[in-house]
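>>> Just a sequence and a predicted model for now, questions to come.
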Amino acid sequence: MAPQPPLFPPAAFDRGGGGLPSWDPSRTSNPSFDQGFLKAAFDGELHLVKKAARVVGRGAEGSRLAEKMGAVRDGYGMGLLHTAALGGSLPVCRYLVEDIRLDVDDVGPMGETPLTVAIGCQNVDLVRYFLDQGAATMKLNDSGSTPLHLAAAAGSCEIVELLLSSGAYVDALHLGGTALHSAARDGRDDIVKVLLDHHADHKITLGGTGYTALAIATVVHSLKCVKLLLEAGADVDGNCKETPLIIAAISGSTEILKCLVLAGADANVPDSLGRAPIEIAARSGRREDVEILFPVTSRIPNVCDWSVDGIIRHVKSVRPAKKAMLTSAKSKAHEAFKNGNYYLAARIGNGT
C-alpha cells in the first residue's frame, strides 16, 4: 500500500464531528503517480500539476480530459480540486476549474466540496473564488451541514458575509439548528450580528427541545449574544418549558438575568419542576439574583415571609436530599445541552 500523505486533517473540512474514511488504495488506479500528482496540487506546484495533467490526459480534451483528471483520487477519495483547496493554492484551483473544467462542486468522501474545504481552512480568497465560479451554497455534507453552518462554526464573519451575499439561505436547518443557533452556541456575537442583519429568524427552535437562539446564548453565558437577540426582537420568554430567565437563574448568569428582566421577562413562569426563577436563585444562595427578581415576582403562597431574606430562608428548609437531586438533574441537563445532546437535555429537564 502506498504511504498515506499527511494532507487531510479532518478538522479542516469536517465540522460535523466525523472522521475520515479508512485509507483504501483501490480508490486510485496508480497510487504512486496519483499521490505525487495530488501532492503537487496541495503544494501549489502549478508547473508540476500541468505536467502531470498532460500525462493523465494523453491528448484528451474537453469533457474527456475533465473526466480523467476528476478520476485522480487518493486512498481517502479526495480529488485534485479538494487537495488544492486544502493546500490553499488559488492558482492551481483556477487552473483546474477554468482550464481543465473540473466540477467546482465535486463531492469528496464525506460530502465535502472544494468550497467547504476552503471554508474549513478559513481561506477567504478561495471561498470568494469558488463562489464566483458558481459553487453551490446549499449543498449538504454527510453531517447535513450547509456551507453557512460550517462558516458559522469556523467563526469567520467575512466568509459568512460572502455566503449570504451569494445567496446562501440564512435559515437553513440541520440537526444542530440554523447557523444562528450555531453562532449563539459558540458565543460568536459578531457572527450573530451578521446573521441578524441578514434577517435570520430568531424564532426558530431546535426540534424536540424548543430552544431558541436566545435560550442557547443564555446557556453559554453570552451576554453580548443575548443583547443582540433581544434588540432584534427575540421572544424574551421563548417557547420551551424552561424560559431564558429560568436558565439564567439556574446557571447564575447575573448580568444576563438583569438583561432579561429589563427586557420584560416573566418572572412568574415556573420551570418543569414548578419552581419560580426566584426560588431557583435562592436555592443556590445567590442573594443578588434574588434581589433582582423580587420586584417582578408575584408572591408565592407557601412562602410566609415575603421578603428577600424570607424567600432564602424558605428554600433552605427544603430537604437536603431533594435539593441535591434537583441540582444534580439540572446540572446534567445543562451539561448535555452544552455537549450538543439536545434531546437528552430535554428529557432530563422534563424529568423523563
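Received it, and whenever you're ready, just let me know what you need.
>>> Output the below-cut-off pLDDT ranges for the stretch 101-250 of the chain.
For the stretch 101-250 of the chain, residues meeting the criterion pLDDT under 70 lie at 208.
>>> which residues in it form helices?
114-120, 124-132, 147-154, 157-165, 179-185, 189-197, 213-219, 223-231, 244-251 (DSSP state H, counting those that start in this stretch).
>>> and if you look at the stretch 251-352 of the chain?
254-262, 277-283, 287-293, 308-316, 320-338, 342-349.
>>> Just give me the lowest mean pLDDT stretch among those helices.
Looking at the helices of the stretch 251-352 of the chain, the lowest mean pLDDT belongs to helix 342-349 (a mean of 51).
>>> how is this structure carved up into domains?
For the chain, automatic domain parsing gives the domain ranges 1-136, 140-238.
>>> I figured residue 170 was touching residue 181, is that so?
No - in this structure residue 170 lies outside contact range of residue 181 using CB atoms under 8 Å: 11.9 Å. For every residue, glycine as well, the C-beta is placed using N, CA and C.
>>> of those two, who's got more company?
residue 181 (27 against 19; other CB atoms under 10 Å).
>>> roughly how far apart are the more buried one and residue 188?
Distance, residue 181 to residue 188, by CB to CB, to the nearest Å: 11 Å.
>>> now residue 44
31 Å.
>>> So for those two, which sits in the more crowded spot?
residue 188 (23 against 16).
>>> Assess the claim that residue 190 and residue 157 are in contact.
Yes - with contact defined as CB under 8 Å, residue 190 counts as touching residue 157 (5.2 Å).
>>> residues shared between the contacts of those two?
Here residue 190 and residue 157 share no contacting residue, scored by CB atoms under 8 Å, 6 or more residues apart in numbering.
>>> isn't residue 267 right up against residue 289?
No - Residue 267 lies out of contact with residue 289 (CB under 8 Å); the separation is 10.9 Å.
>>> List the contacts of the residue nearest to residue 168 when sequence neighbours are not counted.
What sits nearest to residue 168 in space, not counting adjacent residues and going by CB to CB, 6 or more residues apart in numbering, is residue 137, at 4.0 Å. By CB under 8 Å, 6+ apart, the contact set of residue 137 is 115, 131, 146-148, 163, 166-169.
>>> cool, residue 101 as well?
62-63, 65-66.
>>> Out of the residues you listed, which one has the weakest pLDDT?
Confidence by pLDDT is poorest for residue 62 among the contacts of residue 101, given 71.
>>> Could you tell me how many residues sit around it?
Using other CB under 10 Å, residue 62 has 8 other residues around it.
>>> That one and residue 97, how far apart?
According to CB to CB, residue 62 stands 15 Å off from residue 97.
>>> do residue 172 as well
In this view, residue 172 and residue 97 are 25 Å apart by CB to CB.
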